[in-house]
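> Using only what follows, build the 3D model:
(2 chains)
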Protein chains: 2
Amino acid sequence: MGSRWLVPIPRDYVAAGPTPDMNVDADLSALREYLASAGVDGYLIDDDAEDADQRYVSGFTAPDPYQTLVTRDGGVHLLVSGLEYGRASTDADADSVTRRAAYDYQELVADHGQYEGTVRTIAAFLADRGVDSIAVPHAFPTGTADGLRERGIDVAVEREGIVADIRATKTDWEIEQIRESQRANQAAMARAEELIATADVEDGILVRDGEPLTSERVKEEIEVTLLRHGCALDETIVACGADGADPHDRGSGPLEPDELIVIDIFPRDKETGYFADMTRTFARGDPGAEARRRYEVTREAYEAALGAVEAGVTGADVHGVACDVIERAGYETLRSDPNTDTGFIHSTGHGVGLDIHEQPSVAPAGGELEPGHVISIEPGIYDPAVGGVRIEDLVVVTENGYENLTDYRVALEPTAD
Amino acid sequence: MGSRWLVPIPRDYVAAGPTPDMNVDADLSALREYLASAGVDGYLIDDDAEDADQRYVSGFTAPDPYQTLVTRDGGVHLLVSGLEYGRASTDADADSVTRRAAYDYQELVADHGQYEGTVRTIAAFLADRGVDSIAVPHAFPTGTADGLRERGIDVAVEREGIVADIRATKTDWEIEQIRESQRANQAAMARAEELIATADVEDGILVRDGEPLTSERVKEEIEVTLLRHGCALDETIVACGADGADPHDRGSGPLEPDELIVIDIFPRDKETGYFADMTRTFARGDPGAEARRRYEVTREAYEAALGAVEAGVTGADVHGVACDVIERAGYETLRSDPNTDTGFIHSTGHGVGLDIHEQPSVAPAGGELEPGHVISIEPGIYDPAVGGVRIEDLVVVTENGYENLTDYRVALEPTAD
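The predicted structure follows:
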């Protein structure tokens, strides 16, 4: 993002992004209340499509930076390039869309340079709406903030992450998008499971079509399957044996029989931008009694944590339930030993939406769960000597429990349906 | 990016990104000279893997934010989470890598909150290196800038885009990465061309396997081919007929015979992050005399522009050469009519590297080309009544001309090899 802003982007042909039918129906009342209590005129985002907050608030996405202003009356106002104007006018969930040209952007850049020209354009956009003071997100560009300050606008950073909090509670439309991404995820998991289930075993490794079945091959098939279902991902985890015991390891090399294989897939819908997340652990052959025991304990922790999910319970509570099960079975957790490298060495879950990691947290510091929160539940037990186990579903918190967005069998033995 | 920083990210398993063997061998002397002349102690980037400047300067990439400091002696110093420390120590092109824990990050966050705790950690990191004043990129987070200022550090925005300028000149290693991405691109283009060449024509549309051959199907095959070659993309263009006459249109629906079909692919290598870019225009059957003439004029402009490329010539000059050819043939350009909606309605090219659009610009304001600049050359002619034509190669500027990174036939009639 950094440099791109400063590069004089030519008028060319990749300015228009996808045109998803964003229909978040976001409730920005908490942001309105913040603006009123902080006594500032508006909340301004200056970023591009990579910023989930901006996408959420504006109902719009574009590859190049644009600006979204939320005024104290709750109005959402976009400032976009001429290239994006038509699409923004049609697609954005905004009360107004204004071209930069309305403030003589090109002339200002020609006269004052890219930097100062852009700042003056944004300042004119704010002045047009009577906005003298703004709150901005932490990541707001310092270049824009300083430039606006030089032009007499009061700029203060909103330090609590209000938009992240608003985003934590999903609307029905958002839940449907996440469910759709999880469906694609299920298809990809089924493909991976099938590859493992139907591989031959030769010389201590899994083999398909005469070639070793490697972590890399399975990941490629996962990605192709996701692509066929409208999703993409940057990373995925197919980690066998000791690799799987390091939750940070993506896995590499031939997959082996009689070993635990952790598969964790977190795809994003290419159109809507919503993520999904799911993990299963498989073993071809017999991974041994201790691995099977760990699988059953992880499954029990996963079921207990799911059973604890409901509105009003905290993420910390749910995490505690998973820790209870795992500690009771004799394994360490970060609660029983903050420095342990084995056992349950991560948190139980996290919010999922336009970011793969977002609020709320299902961890020691996790706050109260609310209806509409979408969270992963994903306990695991790790030890290089045994391998890793993790089981993960994605659920929506409801008043009395949860609705599972995941429809995928939990079983250690892989099968090809 | 915005919200993610504020979300207390749980200790979990997606912190480690890929571990590409980054070997940019970047020449940061221009940045050192800037620091000396501006009289500031260091240049600080606070961003994540999405920031190409940070990736370039640090030779490292991570999904969560980390900090890169360039000191006046040219030293590169990284501040990373404990999760990233091992990988950063091995992979980064840095003089030092420091864990946040070295400055009691967790304790500071526990005592002062995420926001203030992070700022204090970064301030301690700077103090450790005797840095009291820093220059930052435009996109540097205002939250960090304001927090550091509150702690007495002088923070000024570097407004010229020095790192973007440095990045414009590619090292040999970078050129090889871009060439590799373009090879994947060629495979994807060949697949698309083959689909079009071998489709049946039924009821006025192209058909394969009994189903309409749509823009969407061809795009999916392009993406799968790229994936098989280690590349990914967010967007691609397969635009037929009037769709192709709008350079912003990605294309949709059944492809038709006797129409121009513009295919523009800009993939990114998943490991190295380097982009490629190529466009070809095809037609099954006969698109008509006017379309064929436009194809030949575009080809002539493309060849003339390529012929003009060499070190010392400006991007503006090269753009002018393309405009000359197209205007001489009787079509409008933005030079002959700044408001035209038909003819040559974009610039001739742009730099390509870790960003798909970067310096230098091959456009009316484009400055001097230098050896090692990697630029696209992509004139086109557009009119909804006829369709669109664009032909694009990716080249490296040399002292006496250019080296073409593209090895793909230029022909209107698609063939399946």
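
> So what does A:Leu28 have for phi and psi?
When read as degrees, to the nearest 10, the backbone of A:Leu28 gives phi -90, psi 20.

> From A:Phe60, how far off is the residue nearest to it when sequence neighbours are not counted?
Closest residue to A:Leu28 apart from its sequence neighbours, by CB to CB, 6 or more residues apart in numbering or on different chains: A:Gly74 at 5.8 Å. Backbone N, C-alpha and C define where each C-beta goes, glycine included. Going from A:Gly74 to A:Phe60 by CB to CB, to the nearest Å gives 17 Å.

> quick one: which of the two has more around it?
A:Phe60 (28 against 14; other CB atoms under 10 Å in any protein chain shown).

> Please name the nearest non-neighbouring residue to the most centrally placed residue in chain A.
By CA atoms, centre = their mean, chain A has its centre lying nearest to A:Ile356, at 1.5 Å. Nearest non-adjacent residue to A:Ile356, counting by CB to CB, 6+ apart: A:Phe275, 4.7 Å away.

> now the stretch 301-417 of chain A, which segments are flagged as low pLDDT?
Applying pLDDT under 70 to the stretch 301-417 of chain A picks out no residues at all.

> Check chain A too.
For chain A (pLDDT under 70), the answer is A:1-22, A:49.

> so where do the helices sit in it?
A:2-6, A:29-38, A:52-58, A:82-91, A:105-128, A:142-150, A:162-168, A:172-198, A:215-228, A:289-308, A:315-328 (DSSP state H).

> Compare these and report which one is nearest to B:Val24.
helix A:2-6 (14.6 Å; CB to CB).

> ok so, going back, for the residue nearest to A:Leu28, give me the backbone phi and psi.
phi 90, psi 0.

> I figured it hits A:Ser29, correct?
Yes: contact criterion CB atoms under 8 Å: A:Gly74 and A:Ser29 qualify, at 7.2 Å.

> For A:Leu213, which non-adjacent residue is spatially closest?
A:Leu206 (4.1 Å).

> swap in A:Gly349?
Excluding the flanking residues, the one nearest A:Gly349 by CB to CB, 6+ apart is A:Val362, at 3.5 Å.

> Just give the number of residues close to that neighbour.
28.

> residues contacting it?
A:305, A:315, A:318-319, A:347-350, A:375-377, B:10 (CB atoms under 8 Å, 6 or more residues apart in numbering or on different chains).

> and the gap between the closest residue in space to A:Ile175 that isn't next to it in sequence and A:Lys170?
Spatial nearest neighbour of A:Ile175, excluding adjacent residues (CB to CB, 6+ apart): A:Val396 at 5.6 Å. Going from A:Val396 to A:Lys170 by CB to CB gives 7 Å.

> and for those two, which residues touch both?
Common neighbours of A:Val396 and A:Lys170, using CB under 8 Å, 6+ apart, are A:372-374.

> can you pick the most crowded of those residues?
A:Val374 leads the shared contacts of A:Val396 and A:Lys170 on contacts (other CB under 10 Å) with 29 neighbours.

> Which residues of the stretch 101-250 of chain A lie near chain B?
Residues of the stretch 101-250 of chain A lying close to chain B by CB under 8 Å from any CB of the partner chain are A:113, A:115, A:136-146, A:155, A:157, A:159-161, A:163-164, A:167, A:220, A:223-224, A:227-228, A:232, A:234-235, A:237, A:247-250.

> quick one: the residue nearest to A:Ile175 from A:Ala301, how far?
As judged by CB to CB, A:Val396 and A:Ala301 stand 20 Å apart.

> Then A:Ser376?
For A:Ser376 relative to A:Ala301 (CB to CB), the value is 14 Å.

> So A:Val321 versus A:Asp383, what's the distance?
A:Val321 is 22 Å from A:Asp383, by CB to CB.

> what about these two, which has more around it?
Neighbours were counted for A:Val321 and for A:Asp383 using other CB under 10 Å; A:Val321 has more, 22 against 19.

> Is the more buried one in contact with A:Leu306, as I believe?
No: A:Val321 lies out of contact with A:Leu306 (CB under 8 Å); the separation is 9.3 Å.

> Am I right that A:Asp246 is in contact with A:Tyr382?
Yes: if you go by CB under 8 Å, A:Asp246 and A:Tyr382 touch, sitting 7.3 Å apart.

> Now the common contact residues for the two.
With contacts taken as CB under 8 Å, 6+ apart, the residues that reach both A:Asp246 and A:Tyr382 are A:Gly388.

> between those two, who's got more neighbours?
With neighbours defined as other CB under 10 Å, A:Asp246 and A:Tyr382 compare such that A:Tyr382 has more, 28 against 18.

> Quick check: the more buried one vs chain B, distance?
Using CB to the nearest CB, to the nearest Å, A:Tyr382 is found at 9 Å from chain B.

> does that residue really touch A:Thr333, like I thought?
No: assessed by CB under 8 Å, A:Tyr382 is found out of contact with A:Thr333, at 11.0 Å.

> Need the overlap of contacts for those two.
Joint contacts of A:Tyr382 and A:Thr333 (CB under 8 Å, 6+ apart) are A:343-345.

> Rebuild these as JSON lines, extending it with distance to chain B.
Below are those laid out as JSON lines (distance: CB to the nearest CB, whole Å):
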{"residue": "A:Gly343", "distance to chain B": "13"}
{"residue": "A:Phe344", "distance to chain B": "11"}
{"residue": "A:Ile345", "distance to chain B": "7"}
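
> By neighbours, which of these wins?
A:Phe344 (28 neighbours).

> Hmm, that residue is touching A:Asp383, no?
No: counting by CB under 8 Å, A:Asp383 is not a contact partner of A:Phe344; they are 10.8 Å apart.

> Just the buried ones from the residues of the stretch 101-250 of chain A next to chain B, in PyMOL syntax?
Filtering those down to the buried ones (16 or more other CB atoms under 10 Å in any protein chain shown) takes a single PyMOL command:
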select buried, chain A and resi 115+136+137+138+139+140+141+142+143+144+145+146+155+157+159+161+163+164+167+220+223+224+227+232+234+235+237+247+248+249+250
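
> For A:Ser29, which residues are in contact?
A:Ser29 makes contacts with A:Gly74, as judged by CB under 8 Å, 6+ apart.

> roughly how far apart are A:Gly366 and A:Thr406?
Taken as CB to CB, the span from A:Gly366 to A:Thr406 is 20 Å.

> Settle it for me: which of the two has more neighbours?
The residue with more neighbours, out of A:Gly366 and A:Thr406, is A:Gly366; 26 against 21, by other CB under 10 Å.

> How about that one, nearest residue that isn't a chain neighbour?
Take A:Gly366 and drop its neighbours on the chain: the residue closest to it by CB to CB, 6+ apart is A:Gly315, 2.0 Å away.

> tell me the contacts of that neighbour?
A:348-349, A:360-363, A:365-369, A:375.

> picking up where we left off before, let's have the contacts of A:Val362 in CSV, adding distance to A:Val297.
Shown next, in CSV, are the contacts of A:Val362 (distance: CB to CB, whole Å):
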residue, distance to A:Val297
A:Ala305, 12
A:Gly315, 21
A:Val318, 17
A:His319, 16
A:Ser347, 17
A:Thr348, 14
A:Gly349, 17
A:His350, 22
A:Ile375, 21
A:Ser376, 19
A:Ile377, 15
B:Pro10, 20
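
> Most neighbours among those residues, which one is it?
Using other CB under 10 Å as the neighbour test, the contacts of A:Val362 are led by A:Thr348, with 32 neighbours.

> Go ahead and confirm that one touches A:Ile377.
Yes: under the criterion of CB under 8 Å, A:Thr348 makes contact with A:Ile377 at 6.2 Å.

> intersection of neighbour lists for the two?
Listed as contacting both A:Thr348 and A:Ile377 by CB under 8 Å, 6+ apart are A:305, A:318, A:322, A:362.
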